[in-house]
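# Need the 3D shape of this:
(one chain, ligands or ions: 4)
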Amino acid sequence: MPEKPANVRSQCPYCGVGCGLEILPPAEPGKAVRRDAEGTPIWGTRGDRSHPSSLGQVCIKGATVGQTLARGRLYQPLYRESLEEEFKPISWANSFDLLVERINKTLQSKGPDGIAMYGSGQFHTEDYYLAQKLLKGAIGTNNFDANSRLCMSSAVAGYTRSLGSDGPPCCYEDLDQCSVAFLIGTNIAECHPVLFQRLLKRKKRQPTNVSIVVVDPRNTETSKAADLHISISPGTDLALLHGIGHLLLFNSKFDNDFIENATDNFPAYAKLLTNWTPDRVSAICGIPETHLHELARLWGRSNGVLSLWSMGINQRREGTAVVGGLINLHLMTGEIGKAGAGPFSLTGQPNAMGGREAGGLAHLLPGYRHVTNAEDRAEIEQAWRMKAGSIAAKPGLTAWQQVEAIESGALDLWWVAATNPLVSLPNLERVKAAIKRCPLVVVSEAYANTETTHYAHLLLPAAQWSEKEGAMTNSERRITFCPAYRRCHGESRPDWQVFAELGRRLGFEDHFSYASSAEVYAEFTALTAGRICDVSGLSHELLQEQGPQQWPFPQGSQPSSIAKRLYTDWCFPSSSGRATFVAEQPLGLAEPPCETYPLVLTVGRYLGQWHTMTRTAKVERLQSMHPEPLLEIHPDDAERFGVKHGSQAAITSRRSSLTAKVKVTNRIRVGSVFLPMHWGFSQEKACEVNTLMHEQACPISKQPELKATAVVVAATTSVVKASK
Ligand SMILES: Nc1nc2c(c(=O)[nH]1)N[C@H]1C(S)=C(S)[C@@H](COP(=O)(O)OP(=O)(O)OC[C@H]3O[C@@H](n4cnc5c(=O)[nH]c(N)nc54)[C@H](O)[C@@H]3O)O[C@H]1N2
Ligand SMILES: Nc1nc2c(c(=O)[nH]1)N[C@H]1C(S)=C(S)[C@@H](COP(=O)(O)OP(=O)(O)OC[C@H]3O[C@@H](n4cnc5c(=O)[nH]c(N)nc54)[C@H](O)[C@@H]3O)O[C@H]1N2
Ligand code: SF4
Ligand SMILES: [Mo]
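Ligands and ions are numbered 1, 2, ... in the order given. Purely as a prediction, here's the structure:
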């Protein structure tokens with residue numbers, strides 16, 4: 001593949017805002033060649049003004065992504081029989097032979113469910129789709145799950161329960177049109193910065209037309225911009241939402257027309273609300289009653305409430321119920337399916353949306369179909385030209401269930417691709433102990449030295465964004481074609497090609513023969529025809545020629561940059577055509593603070609770091625913004641536990657202990673402390689925060705409560721070094 005010169009456009013491969021990037025070659029006419037600190041030529045990026053989602057804006061990560069693409073890469077497949085041995089090079093041909101042999105052996109000894117893959121919202125849609133066809137079709141196990149399980153699965157389950165299907169109904173233009181921006185459990189200033197800037201611009205332009213409300217136990221860069229910051233006690237969001245509902249109900253601020261014509265189950269919800277009185281809610285949430293009244297007043301008088309949320313409410317052992325509680329308020333007030341209104345989950349990863357469309361969770365099939373639905377299975381089997389019954393009816397193992405299955409000896413082959421679970425899964429010491437027991441761990445990875453590569457037997461070098469062609473869908477359902485504008489490093493290959501070749505070698509020669517990723521995409525889009533996420537009118541060619549498009553985009557649709565919303569006709573994709581109120585009592589935290597562990601640790605992100613830092617640690621500018629992880633603690637707690645600003649503290653939970661430097665700040669609630677998620681054991685300043693976290697999860701979405709665990713903090717002089 002030749003390196004392409006100029007005028008290349010793509011989607012940013014970091015967060016789910018999915019900004020458009022214009023790619024600039026290392027050597028621009030009349031300018032010196034751009035090089036990184038090691039002298040490697042680097043491609044530049046800048047905001048693509050023609051991209052309808054971001055209108056030329058870009059944040060510091062998108063602006064520096066070019067510096068991350070070449071350094072520290074994995075160049076060739078490597079293999080070792082046991083984790084004690086050193087890796088040795090192995091050819092791709094021998095890697096496939098090994099995979100086929102071990103898959104067949106497992107099929108004989110344990111059946112298809114002895115194999116599992118753990119993938120990622122950082123796949124392109126084509127990678128995702130072929131992983132489904134390989135696992136769920138050719139191998140015959142639904143054991144494919146993605147890191148979206150740790151991220152968006154409560155939103156997926158919440159939309160599906162309340163509205164009848166997954167699918168965020170809003171678009172970014174709603175930020176310019178809402179009268180209340182209700183930001184709950186989201187720090188968009190650091191995590192979706194381009195949307196934050198858009199909201200700030202609106203506020204500056206029309207200060208009295210929009211109120212910004214932030215619900216977060218911390219004072220964040222986001223809450224700095226709030227008209228009302230509700231510093232809620234961690235894990236009490238559902239009580240808060242019911243409290244708002246209570247006041248709306250008793251002040252008659254609901255939309256009877258919408259409730260009558262478009263919803264079911266309002267009486268049960270109204271009954272539940274009666275008990276959620278302001279005094280009770282303010283006591284549970286630890287907030288002044290006046291805040292609750294102010295919130296309900298804003299909701300009640302507003303035409304255009306836009307709720308934005310992400311991990312603060314998804315990562316809860318009652319995540320689906322909280323998402324349901326938020327959607328209830330929108331249904332009650334008719335604040336959905338119109339400009340400036342609606343429940344809008346901000347997707348974390350660049351293509352977690354595409355993953356959902358391609359069926360990339362253990363209970364899904366392509367086109368928002370479900371493995372438990374016989375008709376859905378039959379449609380996919382037919383389209384895949386596979387025997388009836390090829391797809392199993394039982395949902396596969398979710399991310400954490402895969403770990404448990406390894407632990408119990410039920411999995412013989414665990415394939416990890418485009419995620420770094422040895423940093424990002426909870427209860428990490430248990431994960432480490434489990435993985436060591438797995439007979440074959442395959443890791444498809446772009447970089448040579450991640451925490452998870454230390455636990456691999458077979459390491460497969462992956463071509464990444466910029467080196468492979470594919471599509472990605474952002475949070476507002478907009479699909480952007482991402483071209484391959486750089487050569488693959490060494491022997492690395494796109495993930496979809498690896499899955500296709502393995503499919504062919506497993507005996508599905510015709511089913512997996514594709515000349516290009518455009519062909520893979522065409523097969524996928526055809527499968528969405530008639531579904532809510534219909535993209536049957538899209539192709540690589542159209543996206544390249546006409547630019548990014550939003551779904552739905554059925555065959556015959558005209559390309560357009562006019563923003564689309566779902567449910568403008570009040571018709572919902574449920575069997576009754578109506579949305580449903582869900583009425584659930586709040587449960588609170590799975591592991592509340594107690595005498596021994598009196599503080600709630602919450603874990604989140606820094607503006608300039610991306611997840612497990614495989615990319616962002618390579619950019620000097622980003623590293624200097626956040627040189628190390630800091631434990632944020634309130635001055636009162638610092639005094640109570642005897643820790644000083646700038647000194648080391650030991651943080652201990654029921655599972656583990658680690659040390660971190662202390663930052664005393666009144667930007668956090670008394671009783672809560674904060675650590676970033678980014679620094680795994682291979683970083684110099686390692687702070688393996690997920691060794692502290694528990695794995696208890698929402699029973700519906702199976703999303704673990706990665707936002708809260710009970711800890712105790714103490715002063716220490718010794719720094720504990722993390723290791724594998
Ligand atoms: N810079 C940067 N941006 C990113 C990423 C990154 O790694 N770095 N990752 C991307 C991904 S995959 C994701 S999922 C998103 C995540 O985006 P966000 O969800 O915005 O980010 P987090 O920092 O994980 O958590 C958000 C906030 O939840 C708050 N919170 C904790 N507990 C509670 C609670 O009980 N209730 C409420 N209401 N709030 C609570 C935390 O204090 C935190 O400020 O970011 C995406 N964007
Ligand atoms: N306590 C706590 N834990 C959390 C969270 C939290 O808020 N709190 N957040 C959770 C969330 S929301 C998320 S999304 C996860 C994220 O956690 P991870 O998914 O583990 O994080 P990444 O660093 O993004 O891992 C992606 C890996 O894929 C590699 N890669 C990049 N491109 C490609 C490619 O094209 N192909 C292949 N094969 N590899 C590629 C990268 O080098 C990197 O190693 O963490 C979760 N864990
Ligand atoms: S806001 Fe997100 S998508 Fe946009 S440039 Fe920044 S990281 Fe990339
Ligand atoms: Mo995420």
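
# could you give the mean pLDDT of whichever helix or strand residue 243 is part of?
Counting by DSSP states H and E, the element that carries residue 243 is helix 237-250. Regarding helix 237-250, the rounded mean pLDDT is 98.

# Would you mark the buried spots in that helix?
The neighbour-count check on helix 237-250 (16 or more other C-beta atoms under 10 Å) flags 237-249 as buried. Bear in mind the C-beta positions are built from the backbone N, C-alpha and C, glycine included.

# Which of those residues sits closest to residue 612?
residue 237 (26.9 Å; C-beta to C-beta).

# Please tell me I have it right and the closest one contacts residue 314.
No - the criterion here is C-beta atoms under 8 Å, and residue 237 misses it with residue 314 at 10.7 Å.

# Between the two, which contacts overlap?
Taking C-beta atoms under 8 Å, 6 or more residues apart in numbering as the contact rule, residue 237 and residue 314 both touch residue 185.

# which one of the buried residues of helix 237-250 sits closest to ligand 1?
Of all the buried residues of helix 237-250, residue 237 has the smallest distance to ligand 1: 4.9 Å, by C-beta to the nearest ligand atom.

# List the contacts of that closest one.
Counting by C-beta under 8 Å, 6+ apart, residue 237 touches 184-185, 215, 312-313, 316, 322, 325.

# ok so, going back, where's the helix holding residue 243 relative to the chain centroid, distance-wise?
A distance of 28 Å separates the centroid of the chain from that of helix 237-250, by C-alpha atoms, centre = their mean, to the nearest Å.

# Could you give the number of residues near residue 623?
Applying other C-beta atoms under 10 Å, we find 15 other residues in the vicinity of residue 623.

# Give me the pLDDT for it.
pLDDT, residue 623: 95.

# surely it meets residue 617?
Yes - contact criterion C-beta under 8 Å: residue 623 and residue 617 qualify, at 6.2 Å.

# Does the closest residue to ligand 3 within the chain lie in a helix or a strand, and which?
Residue of the chain nearest ligand 3, by C-beta to the nearest ligand atom: residue 62 (2.4 Å). Here residue 62, judged by DSSP H and E, is contained in helix 60-64.

# and that helix, anywhere near ligand 2?
No - contact of helix 60-64 with ligand 2 (C-beta under 6 Å from any ligand atom) is absent, the minimum separation being 11.8 Å.

# What strands flank the helix or strand following that helix, and is each parallel or antiparallel?
Sequence order places strand 78-79 as the next helix or strand after helix 60-64, per DSSP H and E. Note on strand 78-79: by DSSP bridges, its sheet partners are strand 88-89 (antiparallel), strand 458-461 (antiparallel).

# Show me what from the stretch 551-700 of the chain comes close to ligand 2.
Counting by C-beta under 6 Å from any ligand atom, the stretch 551-700 of the chain sits next to ligand 2 at 603-604, 611-612, 614, 677, 689-690, 693.

# Ligand 1: which of the residues you listed is nearest?
residue 604 (2.4 Å).

# surely that closest one meets residue 676?
Yes - between residue 604 and residue 676 a contact is recorded at 6.7 Å, counting by C-beta under 8 Å.

# So which residues of the stretch 451-600 of the chain form helices?
Along the stretch 451-600 of the chain, the stretches classed as helices by DSSP state H, counting those that start in this stretch are 495-505, 517-526, 540-546.

# Ok, which of those comes nearest ligand 2?
Each of those has some distance to ligand 2 by C-beta to the nearest ligand atom; the shortest is helix 495-505, at 5.1 Å.

# circling back: tell me which residues in the helix holding residue 62 are buried?
Those would be 61-64, for helix 60-64 by 16+ other C-beta under 10 Å.

# Give me the phi and psi angles of the spatially closest residue to residue 282 that is not a sequence neighbour.
Nearest residue to residue 282 in three dimensions, chain neighbours excluded: residue 289, at 4.3 Å (C-beta to C-beta, 6 or more residues apart in numbering). Main-chain dihedrals, residue 289, degrees, to the nearest 10: phi -60, psi -30.

# show me the contacts for residue 289.
278-279, 282.

# of these, closest to ligand 2?
Of all these, residue 282 has the smallest distance to ligand 2: 27.2 Å, by C-beta to the nearest ligand atom.

# so what's that closest one up against?
243, 288-289, 291-292.

# how about those, which pair is most distant?
Using C-beta to C-beta, those reach their maximum pairwise distance at 243 and 288, which is 12.2 Å.

# Please identify the residues of this structure in proximity to ligand 2?
When proximity is defined by C-beta under 6 Å from any ligand atom, the chain lies next to ligand 2 at 120, 122, 147, 150-151, 311, 315, 348-349, 417-421, 423-424, 444-447, 450, 462, 464, 495, 603-604, 611-612, 614, 677, 689-690, 693, 706.

# Does residue 631 fall in a helix, a strand, or a coil region?
Residue 631 carries the three-state label strand when classified by DSSP: H, G, I helix; E, B strand; the rest coil.

# Could you point out which residue ranges in this protein have low pLDDT?
1-6 (pLDDT under 70).
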